[in-house]
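> build me a structure from this.
(3 chains)
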Amino acid sequence: MPDVLVRTRRKPGLILAIAVLAFALLAAVAPGLFTGQDPLAGVPAEKMRGPSPWHLFGTDETGRDIFARVVHGAALSSQATVIAVVVALAAGSALGLLAGFRGGALDSAIMRCVDVLLAIPSILLSLALVTALGFGTTNVAIAVGVANLAQFARLMRAEVLRVRSGVFVEAARAAGVRWTGVLGRHVLPNALGPVLALATLTFGTAVLEVSALSFLGYGATPPTPEWGSLVADGRGFLATAWWMTTFPGLTVAAVVLSANRLSRAIEGDVR
Amino acid sequence: MSALLTIRDLAVSYQTAPAVDGVDLSVHKGQIVAVVGESGSGKSTTAHAAIGLLPRGGRIDRGEIVFDGRDLTKLSDRAWRSVRGREIALVPQDPTVSLNPVHRIGDQVAEVLLIHGLANKRTAGVEAVKLLRKAGISDPEARARQYPHELSGGLRQRALIAAALAGRPKLVIADEPTSALDVTVQRQILDHLEELAADGGTAVLLITHDLGVASDRASRIVVLSQGTVVEEGTTGELLAAPTQKYTRDLLFAAPSLSDTPLRAPKPPSPDVLVSVRDLGKTFGAVRAVGGVDGVSFDIARGRTLALVGESGSGKSTTARMILRLETPTDGVVEFDGKDITSLRGEELRRLRRRFQLVYQNPYASLNPKFSIEDVVSEPLRAFGAGTKAERRARAAELVDQVALPSSVLKRKPAELSGGQRQRVAIARALALRPELIVADEPVSALDVSVQAQILRLFADLQDELGLTYLFISHDLAVVRQIADTVGVLRGGELVELGPAQDVLERPGADYTRELLAAIPGRKPLETR
Amino acid sequence: MRRYLLRRVLQAVFVLWAAFTVSFVILYLLPGDAVSAKLGGGEAGLSVTPEQLAAAKAEYGLDDPLPLQYGKRLVAAVQGDFGRSIATGDDATNMVVSALPPTLAVTGFALVLALLFGGGIAIAGTVTRHRRLGDLLLALPPLGISLPPFWVGLLLIQFFSFQLKLVPALGSNGFESLILPAITLAIPTGAIIGQVLAKSLRTQLAEPYAEIALAKGASRSRVHFGHLLRNAAVPSLTIAGVVAGNLIAGSVITETVFSRDGLGRVTSSAVTAQDIPVVQAVIVLAALVFVVINLLVDLVCPLLDPRIRHRETADA
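The predicted model follows:
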């Protein structure tokens, strides 16, 4: 991790990316830090106002401050995304580790199942899970997590295989180290880097998928704000209040871009 | 007569790090000039600058490269396209990756003709076949229709030479053209290159790390070190009376050129530590490359047995079977009188204390995330030997034994040089005080000057600790330095086995004679 | 060679079966009761007698023991029958198939745009000698992947339909209505294509044979088009199936944003209504598309790379 900080010295883009991600995560736990306005109750007198110093992102049709809604929406969106990434990372990595380490029939069996998950586009898989489990942010999060675990399984397996066949691993075995020692001290620490890079990248794609599902209406019930549903809310007012769709969408884009940027930095560090 | 190529005060850097800093050399028409240097000497950079193909980030800072009256450093991209392939050509190092895998051989040779308008679509194919034949490829019509993966390394290199000479260039730059090939093939390829060059009056700039190759083939030698010319002159002068210390050191260290082994070979002894009988290994149903068939030998305690062979001869497989990293399909392996052929599991693991392995590649055999102290003490940890403090003390002891300063203990492998890493690998092998050390090509990935030091270290350790060695190598010259007994493997079979002096001076098998003859640097100095 | 193809076809059949099974497990096994929802049970308060519920369930075959349900549905699915929609009562397969043409129109157009722009950017970005231009071009795909498609679609409507009044915002009529949805779909797809192709091209550019080609006197464009592209194509084609899947999935969003008819609309309605047979039919269709595209790629790869061709014939 310290290496990443060293690299930020000459890279303003990376610093910006980390700042945006920090904002998203911080807003999720302490929205009060960023806004004092109420995301749920609007002031009718101020409805449909464009961006201004008092309302950074403007107001919506019932007078609610959109910036406040975005900030509070960060909570649900980030939560869902973090759950999704944790599900994908934990389940996927465990499967990949098992497949790569044991090899043989178990490996083939696990990888066939993982291949099937790749055959179904993740949004459709998420939709199926939502169909079965019902709407709501948590269900959306689990759905997105399951849909993305295939990539982690593949990566972890590939890394385990790569390290396992490495000369220094065999050298350890030849020196008398047991398999558990090899796994814990050699294989895992070397495989972790790329997995971390993928986890960061998945944070970005998960944000996209979570907000897409909430845009379609399968996320939290209104009036709870969520980035995707905020964009959907603004749909009816596209011609008259462009800020209602623009800013929430911009927030999503910014978070995804930042996650991508950070992921590339971690990957570069690992190589 | 003015030179064909004159390089004056050339300086090249990558980003800000200088690779070449003031190099002068010249090549005359029909001459073969060798540029000799170790890794980091700048020889490859100089060669690439001369054909205008510096990698990304490389810049010519100053100097001129005058070819046939023109300064190449001032050439535009467009102009370079008419020089490359037509006036100056390149023969690369690794034929496995230098041919486009999806194009046929014939097409890749014909391409040169098409680019420079030397033939049209109809005639290019026929010309290409002629060129392949001239390059020594038999049945060239059939070969021309094949793809690179269907040819052996030697044939691929011939195809690359054919492509290089297709445009009848005035100068051929050969960048380590044989280092990726087996030693017997090397000789053929170099013979051929020499012939073709003499035939067409083509000048050759031969880049090599091997002073033996340089002395065999070139009439002038330029010695580079750290981006500057250390010494240059005719081959005869340089070899007989080098003026610079670096050149003298290089000459002395080059195993193919020095005739005296590090120490006299020891006489045979009846006290046998390792014994193999009729050892065999088949991969899959068919006897594949690297398999072993019916190999038998003994290694006496405190002695060094060297197994020599080219790639695919089975020497590595044999060593791995002795260490039980592979299971033999036939035969018996005995260690200190005990049959360990089918030993497995915990029993085998415990036995590992007594034999250890030193790998070829010092870059891959150390975990990049470990500190040197961790690397060296890992075998101790694996067997629960000693407390943390005792292990740390032992690590310091080991590092000292291989002549490394104690400051390396805190460093990571990436911070060490190749030679230093190999010393660390040796230290790790010594940690558990084994009786047998198997060294698989332990010096082939190292620079020549470093090779000599590591071989010396091996010899010293054997004297100090009474170690027994199994040395694997493709390089008879290296083997000559350190072996007591030599075994020659070919295609998985042991074709010769005997005391080092006998095998190397009075070889019984034809193959051994072939191998010996192929060692570069054996041509007597008088004929140069 | 025939063994290679046979193996691939068997794998494809396995994937289809597995997709069916996975969707069965998710949809029929998990809690959530579509029939009750349809009949107004649950929060709406409209009471339904247990007999009515049982009768409705029997009608949809939901009262059989699960293994039996699975068996019956599998047999039916192999014949193309996914049951009847719980929401509308129409044949599920029919609903899905008849919704295809408008979706295909948009995705087809989007694919062409994606290939042109994604591929074009990748090639232009790697062939150019101007480092800055190359870097700029190659920075576009990561940007494209990051933009939420539903947002981009709305922005495009806002700008091109409302402000510039160039194209219609909604509806499925005419060629003009295809343009914005296709662009919206093409952006993330083109970005993926661009990224993968650029990476492959860069890898090939670093290979020694590229340098040898230059050493022969070839121009950069000759090296790119004559040498690199074919070598870069094979690893790039491996994402073809994923791209197809993305296009289908993306149409769920674009058809909602642009109020178009098509597969996406059918899917989102089915999800909202918890209409299981239809959702299952869509999933198996998506898997089918993925599998067929991959088979086609497997057919093409040996043609492009002689090493694959020879390896597979050697096996057989």
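
> residues from chain B in reach of chain A?
Residues of chain B found near chain A (CB under 8 Å from any CB of the partner chain) are B:323, B:325, B:349-350, B:352-353, B:356-357, B:359, B:361, B:364-369, B:378-379, B:381-383, B:425, B:428, B:431-432. All C-beta atoms are positioned from the backbone trio N, CA, C, and that covers glycine.

> let me redo that: the stretch 201-316 of chain C
With CB under 8 Å from any CB as the criterion, the stretch 201-316 of chain C meets chain A at residues C:241-242, C:245-246, C:248-250, C:252-253, C:256-257, C:267-268, C:270-272, C:274-276, C:279-280, C:282-283, C:286-287, C:290-291.

> filter those down to the buried ones.
C:241-242, C:245-246, C:248-250, C:252-253, C:256-257, C:267-268, C:270-271, C:274-276, C:279-280, C:282-283, C:286-287, C:290-291 (16 or more other CB atoms under 10 Å in any protein chain shown).

> thought B:Leu75 was touching B:Val83?
Yes: with contacts counted by CB atoms under 8 Å, B:Leu75 reaches B:Val83, the gap being 7.0 Å.

> now the common contact residues for these two.
Common neighbours of B:Leu75 and B:Val83, using CB atoms under 8 Å, 6 or more residues apart in numbering or on different chains, are B:Gly52.

> give me the more crowded residue out of those two.
Applying other CB atoms under 10 Å in any protein chain shown to B:Leu75 and B:Val83 shows that B:Val83 carries more neighbours, namely 21 against 16.

> next up, the contacts around that one.
B:52, B:67, B:72, B:75, C:217 are the contacts of B:Val83 under CB under 8 Å, 6+ apart.

> what's the PyMOL line that selects buried ones from the residues you listed?
To isolate the buried members of the contacts of B:Val83 in PyMOL, using 16+ other CB under 10 Å:
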select buried, (chain B and resi 52+67+72+75) or (chain C and resi 217)
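
> now render the contacts of B:Val83 as CSV, adding secondary structure and pLDDT.
Formatted as CSV, those follow (DSSP: H, G, I helix; E, B strand; the rest coil; pLDDT from 0 to 100):
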residue, secondary structure, pLDDT
B:Gly52, coil, 91
B:Phe67, strand, 94
B:Leu72, helix, 92
B:Leu75, coil, 90
C:Gly217, coil, 92
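
> let me know the closest of the contacts of B:Val83 to B:Thr329.
C:Gly217 (51.7 Å; CB to CB).

> residue contacts, the residue in the stretch 1-150 of chain C positioned nearest to chain B?
Going by CB to the nearest CB, chain B is nearest to C:Arg129 of the stretch 1-150 of chain C, at 7.4 Å. Contacts for C:Arg129 (CB under 8 Å, 6+ apart) come out as B:77, C:220.

> run the last query once more with 7 Å
Contact analysis of C:Arg129 by CB atoms under 7 Å, 6 or more residues apart in numbering or on different chains lists C:Arg220.

> name the SS class of it, please.
Under DSSP: H, G, I helix; E, B strand; the rest coil, the three-state class of C:Arg129 is coil.

> for A:Ala171, see how far away it is.
According to CB to CB, to the nearest Å, C:Arg129 stands 44 Å off from A:Ala171.

> in helices, which of the residues of the stretch 201-316 of chain C next to chain A appear?
C:241-242, C:245-246, C:248-250, C:252-253, C:256-257, C:267-268, C:270-272, C:276, C:279-280, C:282-283, C:286-287, C:290-291 (DSSP state H).

> can you tell me the closest non-neighbouring residue to the residue minimising distance to the centre of chain C?
Centroid-nearest residue in chain C: C:Gly245, 1.7 Å away (criterion: CA atoms, centre = their mean). What sits nearest to C:Gly245 in space, not counting adjacent residues and going by CB to CB, 6 or more residues apart in numbering or on different chains, is A:Pro121, at 3.7 Å.

> tell me the contacts of C:Val9?
Taking CB under 7 Å, 6+ apart, one finds C:Leu295 in contact with C:Val9.

> quick check, it in a strand?
No: assessed with three-state DSSP, C:Val9 is helix; it does not lie in a strand.

> what does the model give it for pLDDT?
With respect to pLDDT, C:Val9 scores 89.

> and it, how far from C:Ala77?
Taken as CB to CB, the span from C:Val9 to C:Ala77 is 18 Å.

> do B:Ile189 as well
Noted for B:Ile189: a distance of 63 Å to C:Ala77, by CB to CB.

> who has more neighbours, these two?
Neighbour count, other CB under 10 Å: between B:Ile189 and C:Ala77, B:Ile189 has more, with 23 against 20.

> correct me, but that one touches B:Thr178?
Yes: the pair B:Ile189 / B:Thr178 is scored as a contact, 5.4 Å apart, by CB atoms under 7 Å.

> quick one: classify A:Thr240 as helix, strand or coil.
Going by three-state DSSP: A:Thr240 is coil.

> low-confidence bits of the stretch 101-250 of chain C, can you list those?
The model of the stretch 101-250 of chain C has no residue with pLDDT under 70.

> which residues of it lie near chain B?
By CB under 7 Å from any CB of the partner chain, the residues of the stretch 101-250 of chain C that approach chain B are C:207-209, C:211-212, C:214-219, C:227, C:230-231.

> can you tell me which of those residues is closest to B:Thr304?
Nearest to B:Thr304 among those, with distances taken as CB to CB, is C:Pro208, at 37.5 Å.

> pull the number of nearby residues for that closest one.
C:Pro208, neighbours per other CB under 10 Å, totals 16.

> now do B:Arg133
So B:Arg133, with other CB under 10 Å, has 16 neighbours.

> give the full set of residues in contact with the nearest residue to it once chain neighbours are set aside.
Spatial nearest neighbour of B:Arg133, chain neighbours left out: B:Pro140 (4.4 Å); criterion: CB to CB, 6+ apart. Residues near B:Pro140 by CB under 7 Å, 6+ apart: B:129, B:132-133.

> fine by me, we can end here.
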